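In: Sequence and predicted structure below; questions after.
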Amino acid sequence: MEQRKVLIVDDEPDIREILNLLLSSNGYEVLSSADGENAIRILKENPTIDLIILDIMMPHEDGVQVLRKIREFSKVPALFLTAKIHENDKAEAYESGGDDYLTKPFSQNELLMKVNSLIRRYREYSGGVGDNNRTDSIEIKDKRAYKNGKLLNLTDTEFDMLVFFIENRGKPVDAKTLYEKIWDEKYVPSAQNTIMVHILNLRKKIEDDHTNPVFLKTIWGKGYQFD
């Protein structure tokens with residue numbers, strides 16, 4: 001399995017050392033930076049980084065400003081690890097593009113859980129791992145769907161379908177399971193028409209050519225599969 005990479009951005013050497021020891025002992029490759037400008041350079045030189053852990057209070061530029069610059073060229077998930085606890089600080093962190101927030105002092109177990117969760121979602125939803133020849137990616141973030149960073153205009157039902165397919169990536173989903181999960185009704189044969197219409201509409205929005213789907217494929221005799 002490809003090793004997961006984490007970039008730590010914090011001006012406190014003790015915090016960088018603690019995080020380095022914790023993450024490296026749990027199988028992560030760790031890079032670190034004491035300031036935002038250097039962190040941006042590291043990220044540009046290492047586009048396979050899976051997660052950034054960054055402080056808010058740093059010299060020169062704070063973590064929120066740094067993440068805004070990062071969001072201009074990268075969707076890599078960001079976990080704020082900071083002593084700032086006020087709601088407006090959290091709101092600003094999320095608005096800048098942050099994905100999660102943990103206050104100091106922190107629980108090592110909670111940090112590891114958040115790191116694992118963020119990286120797993122990033123790799124599964126954005127296509128970060130899998131077909132290395134695929135240049136397109138679909139990502140779910142903040143209850144919205146994006147293709148290559150562009151917001152997809154999906155209905156509520158289409159969005160629910162997409163999330164369900166992504167959660168079952170690589171596995172065929174039969175019509176009965178899909179209908180009862182998304183429509184929350186007992187499946188009857190006539191429901192197949194409803195499913196086919198919604199599948200077609202979803203393909204038109206996520207595929208470059210809906211007649212030759214790359215993401216959402218029909219598996220004859222088994223249903224539909226998201227790859």
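Out: Ah, there it is.

In: right, and Lys186 touches Lys176 too?
Out: No: here Lys186 does not reach Lys176: they are 9.2 Å apart, not a contact under Cβ atoms under 8 Å. (Glycine included, C-beta is placed from N, CA and C.)

In: and these two? which has more neighbours close in?
Out: Lys176 (16 against 9; other Cβ atoms under 10 Å).

In: Double-check that that one belongs to a helix.
Out: Yes: assessed by DSSP: H, G, I helix; E, B strand; the rest coil, Lys176 belongs to a helix.

In: ok, it - contacts?
Out: Contact analysis of Lys176 by Cβ atoms under 8 Å, 6 or more residues apart in numbering lists Tyr187.

In: Strands along this protein, start to end?
Out: 5-9, 29-33, 51-54, 78-82, 100-103, 138-141, 144-147, 150-151, 216-219, 223-226 (DSSP state E).

In: Please convert the ones you listed to TSV, extending it with mean neighbour count, distance to Leu202 and mean pLDDT.
Out: Compiled in TSV, these are given as follows (neighbours: other Cβ atoms under 10 Å; distance: least, Cβ to Cβ, whole Å; pLDDT from 0 to 100):
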stretch	mean neighbour count	distance to Leu202	mean pLDDT
strand 5-9	22	33	94
strand 29-33	18	37	94
strand 51-54	26	29	94
strand 78-82	24	29	90
strand 100-103	16	29	88
strand 138-141	18	11	84
strand 144-147	16	10	88
strand 150-151	9	15	88
strand 216-219	15	7	88
strand 223-226	19	10	90
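
In: Can you lay out those strands as a markdown table showing distance to Glu207?
Out: Below are the strands of the chain laid out as a markdown table (distance: least, Cβ to Cβ, whole Å):
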| stretch | distance to Glu207 |
| --- | --- |
| strand 5-9 | 31 |
| strand 29-33 | 35 |
| strand 51-54 | 29 |
| strand 78-82 | 30 |
| strand 100-103 | 31 |
| strand 138-141 | 10 |
| strand 144-147 | 9 |
| strand 150-151 | 14 |
| strand 216-219 | 7 |
| strand 223-226 | 11 |
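
In: For Val163, find the nearest of those strands.
Out: Closest of the strands of the chain to Val163 is strand 138-141, at 6.0 Å (criterion: Cβ to Cβ).

In: which helices and strands does the closest one pack with?
Out: helix 108-126, strand 144-147, helix 156-167 (3 or more Cβ pairs under 8 Å, 6 or more residues apart in numbering; DSSP states H and E).

In: which of the ones you listed has the lowest average pLDDT?
Out: Among the helices and strands packed on strand 138-141, helix 108-126 carries the lowest mean pLDDT, a mean of 81.

In: Using CSV, list the CA coordinates for that helix.
Out: Extracted as CSV, the C-alpha positions of helix 108-126 are listed here (Å, rounded to 0.1, in the frame of the first residue of the first chain):
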residue,chain,number,x,y,z
GLN,A,108,-3.5,11.7,20.4
ASN,A,109,-6.2,9.1,19.7
GLU,A,110,-8.6,11.8,18.5
LEU,A,111,-5.9,13.3,16.3
LEU,A,112,-5.2,9.9,14.7
MET,A,113,-8.9,9.3,14.1
LYS,A,114,-9.3,12.6,12.4
VAL,A,115,-6.2,12.1,10.3
ASN,A,116,-7.3,8.6,9.2
SER,A,117,-10.8,9.8,8.4
LEU,A,118,-9.8,12.8,6.4
ILE,A,119,-7.3,10.9,4.3
ARG,A,120,-9.7,8.0,3.7
ARG,A,121,-12.4,10.4,2.5
TYR,A,122,-10.0,12.3,0.3
ARG,A,123,-8.6,9.2,-1.4
GLU,A,124,-12.0,7.6,-1.9
TYR,A,125,-14.0,10.6,-3.0
SER,A,126,-11.5,12.5,-5.0
